[in-house]
Each structure stands twice: as structure tokens, then as C-alpha cells.
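[1] Generate coordinates for the sequence data below:
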Amino acid sequence: MTIDAPVPGADAGVTFVMPVLNERDYLERAVETVLQQDVDGPAELVLALGPSSDGTTELAQRLAAADDRIRLVDNPRADIPVALNLAIRAARHPTIVRVDAHSELAPGYTRQALATLDRVRAANVGGVMRADGRTPFQRAVAIAYNSPVGLGGGAYHGGAPEGPAESAYLGVMRRSVLEEVGMFDETIRRGEDWELNLRIRHAGYRVWFDPELAVTYWPRESWARLARQFVATGTWRGELVRRFGRQNSLRFFAPPALVGAVAVSIVVGALQAGGLLGGLASVVHLPVALYVVGVIAFGAIAGRTLRERAWLVAVLPTMHLAWGVGFLAGVLKGAQDTVDTSRLDRNTPLP
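    Purely as a prediction, here's the structure:
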């Protein structure tokens, strides 16, 4: 049975919640796009500040001093689900709009999301993540993000039709439902949104995708940061498979299958080079060869400049293989204390 989520009064107000850690280059613009949102009733932005080392905290304090709609809470543990729970508990309003310091809300985003929440009586609604970039590398990552080839075809990465969804990117949520299902699970450092939406759906509420909603997302700025991000994300997906098994989509198993195919190809190639296997064994190289051809073809078609095309040939395997290696590690031994270090400055101690 599907339960209709409560609909607060039109002027009940909204609280934007934003985890923040080492986002000096992105925070001010992210905050600006939040404060420009046009909503009925009061609005506030709660920034949950992790232990940044790049001047982000000082910037957040200056922004808060200049606008009384901005409130600050400390998040010494740095973990995203902890930050979200701290910000939600500090919220004054019944609708929660999750935002990211590495993203920008499109004009009218919140008004559209609230209208959709009211119309379909959903507990959570999300839209499309439109990745963008400032450098050829970052633009190549954005192209991969915006394609099913890069991230596997989740609704918020492409042009899926409006309707019920497995999860929601960021999300505009009813606070009462969040409190009913127990808020974010603070033991899950990545994939926390998927797990929360699983509990929301199990409680009988709707999670909804609205393609009219759009958020600009700025990917990691370097190859090393991208690789670390995807290893951590894959590791936590492996942990979620350990916890929730078949409730995970089959698409999550494609990257580890690629890792397995590459490993088999390397072993067989080494045995062939040593004369221990004949030419017929070369058939095992076919999946990897087809993958390489596909990556090169995608880069040639999707890249707009020569540098973007070159980076795409490096970015796609990095995303797939790093995620797949992390996934296998997470399935085999659990995520344990794995953290995403891609946003940490070298001088920032791990939590």
C-alpha cells in the first residue's frame, strides 16, 4: 500500500541543508544559487561544517555574517550522513532541500520540486544531475557523468520519464517522513541517499523523479581525486550489497564484471606469453578488446575537443575500474572505515 506524504501549508517554509568540507572554490556560488531560490514562506540554509583546511570555514562564517538566512553547525566527524542529520535536526521548517557545496541549483528548482511533492504526495523528489566542467579534464568527467556509459543509467543521469524512482539525487524531502524512518544512517559513508530512499519506499511512501528539476554538479578536478572518489563509492556499494543483497540494482555489478574480465585477460595473456596456453585461449581477450574499442569510440563521438576526447579515454576506465575494484573489496571484507579522501586537503587529518 502506498502512503501519501503530508503536505505542509504553502507558506510553511523550507530548510536547505548542505554538508561542507574543503569547498572554498565552490561554496560561495553554491550558496548564492540557494539564496536566489523563490519560495513562498520563510527559507533558511544550514551549513554543516566539516574540519576544512582550505579556508572554507572562514568563508562560510563570512557568508553567514552577511545573511541571517544562513546558519552554521559543526560537523567534526566530517561524514556526510552525520552532517545531514545535524543540519536537519537544526532545521526550523517541515520541508528539507538537500544541496551540495559542489553543485548549483537551477532557477525555480525549489518551487518546481515543492509543486511536484504536493501534486504526487511524495516523501522525496529529485531531478537530473547535470555535470559540468571548467577544464578539459573536468568537462570529460562531466560528459561521462551525464551518460549511461559513465555511471550506469540511473534516472537522474539521463532522460528518464517522470515517475516513481529507486532513489533521488540530493532530494527535496518531508521532514516528518525523515524522522519517521530514522533519518540518515550514520554508519554508511557513501550511498547514504540510496539507503535512506530504500527505507522510505519500504515504509510505503513515494520517491519520485521529476526530469524538470536540474542541478549543476562540478566533478572532481584531477585524475587522482576522481580515482579515490570512485574507489570509495564502489567500496560502499559493496557494503550495501552485503547488507541488502538483491535489493541492489543489477547495474551495480557491471564494473566488477569488467574488473574480472581484465584480470582474466591479463592472466591468460601472461600464460600465453610463457607458452603455457595456445592461441584458442585468446577468446577471453574479446570482452576487454570490445570494451577498449567502445571507450575509444565514445570518446571520439562525445568529446567536443581533442583534449576532451583524450581525457575521456582515460576517465571512463578510471571510473569503471576504480569503482569495480572498490566494489569487490567492499563485498569481500566490507567498507569498514573507508572514507572518500578526494575532498580532503593533504593537511586535513582523516576523521
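[2] and Ile96, that's in a helix?
    No - per DSSP: H, G, I helix; E, B strand; the rest coil, Ile96 lies outside any helix segment and is strand.
[3] my guess is it contacts Val14, does it?
    Yes - the criterion here is Cβ atoms under 8 Å, and Ile96 meets it with Val14 at 7.5 Å. (Glycine included, C-beta is placed from N, CA and C.)
[4] Give me the common contacts of the two.
    Common neighbours of Ile96 and Val14 are listed as Val172 (criterion: Cβ atoms under 8 Å, 6 or more residues apart in numbering).
[5] neighbour-wise, which of those two wins?
    Legend: neighbour count by other Cβ atoms under 10 Å for Ile96 and Val14, higher for Val14 (26 against 22).
[6] tell me the contacts of that one?
    Under the criterion of Cβ under 8 Å, 6+ apart, the contact partners of Val14 comprise 39, 41, 43-44, 93, 95-97, 110, 114, 172.
[7] just the strands in the stretch 1-150 of the chain please.
    Secondary structure of the stretch 1-150 of the chain by DSSP state E, counting those that start in this stretch: the strands cover 14-20, 43-49, 70-74, 95-98, 103-105, 124-131.
[8] Do a quick rundown of the helices in the stretch 151-300 of the chain.
    Applying DSSP state H, counting those that start in this stretch to the stretch 151-300 of the chain gives helices spanning 175-181, 192-202, 223-244, 254-273, 286-302.
[9] Report the next helix or strand after the last one in sequence order.
    In other words, helix 286-302. Using DSSP states H and E, the helix or strand that directly follows helix 286-302 along the chain is helix 306-333.
[10] helices and strands around that following helix, which ones?
    Contacts defined by 3 or more Cβ pairs under 8 Å, 6 or more residues apart in numbering; DSSP states H and E place helix 306-333 against helix 136-145, helix 148-151, helix 223-244, helix 254-273, helix 286-302.
[11] Can you point out the buried residues in the last one?
    Okay, so that is helix 286-302. Neighbour-count burial for helix 286-302, with 16 or more other Cβ atoms under 10 Å as criterion, is recorded at 287-288, 291, 295, 298-299, 302.
[12] for the shortest one, same thing?
    Using 16+ other Cβ under 10 Å as the test for burial, helix 148-151 gives 149-151.
[13] repeat for stretch 80-89
    Result for stretch 80-89 [16+ other Cβ under 10 Å]: buried residues 80-88.
[14] Next: stretch 215-232.
    215-221, 225-232.
[15] Pick the one among those closest to Glu186.
    For the buried residues of stretch 215-232, the residue nearest Glu186 by Cβ to Cβ is Ala232; the value is 16.4 Å.
[16] Double-check the closest one against Gly326; I have them as touching.
    Yes - taking Cβ under 8 Å as the definition, Ala232 is a contact partner of Gly326 at 6.4 Å.
[17] Quickly list what's touching both of these two.
    Counting by Cβ under 8 Å, 6+ apart, the residues touching both Ala232 and Gly326 are Thr338.
[18] For the helix or strand of the chain with the lowest mean pLDDT, which outside residues touch it?
    Evaluated with mean pLDDT, DSSP states H and E, the helix-and-strand set of the chain has its lowest mean pLDDT in helix 148-151, which scores a mean of 82. Taking Cβ under 8 Å, 6+ apart as the criterion, the residues outside helix 148-151 that touch it are 143-145, 157-158, 294, 298, 315-316, 319.
[19] Give me the distance between Leu72 and Leu105.
    20 Å (Cβ to Cβ, to the nearest Å).
[20] residue farthest from the centroid of this protein?
    Gly275 (46.0 Å; Cα atoms, centre = their mean).
[21] Out of the buried residues of stretch 80-89, which is nearest to Thr2?
    Minimum separation from Thr2 among these (Cβ to Cβ) is found for Ile88, which lies at 24.0 Å.
[22] in the stretch 251-351 of the chain, what spans have low per-residue confidence?
    Residue ranges of the stretch 251-351 of the chain with pLDDT under 70: 345-351.
[23] What score does Tyr156 have for pLDDT?
    Note for Tyr156: predicted pLDDT of 58.
[24] other SSEs contacting the strand ranked longest in the chain?
    Scanning the chain for the strand with the most residues, using DSSP state E, yields strand 207-217. Packing contacts for strand 207-217, counted by 3+ Cβ pairs under 8 Å, 6+ apart, involve strand 103-105, helix 109-120, strand 124-131, strand 163-164, helix 192-202.
[25] and with 10 Å instead?
    The criterion is 3 or more Cβ pairs under 10 Å, 6 or more residues apart in numbering; DSSP states H and E, and the helices and strands that strand 207-217 contacts are helix 27-35, strand 103-105, helix 109-120, strand 124-131, helix 136-145, strand 163-164, strand 172-174, helix 192-202.
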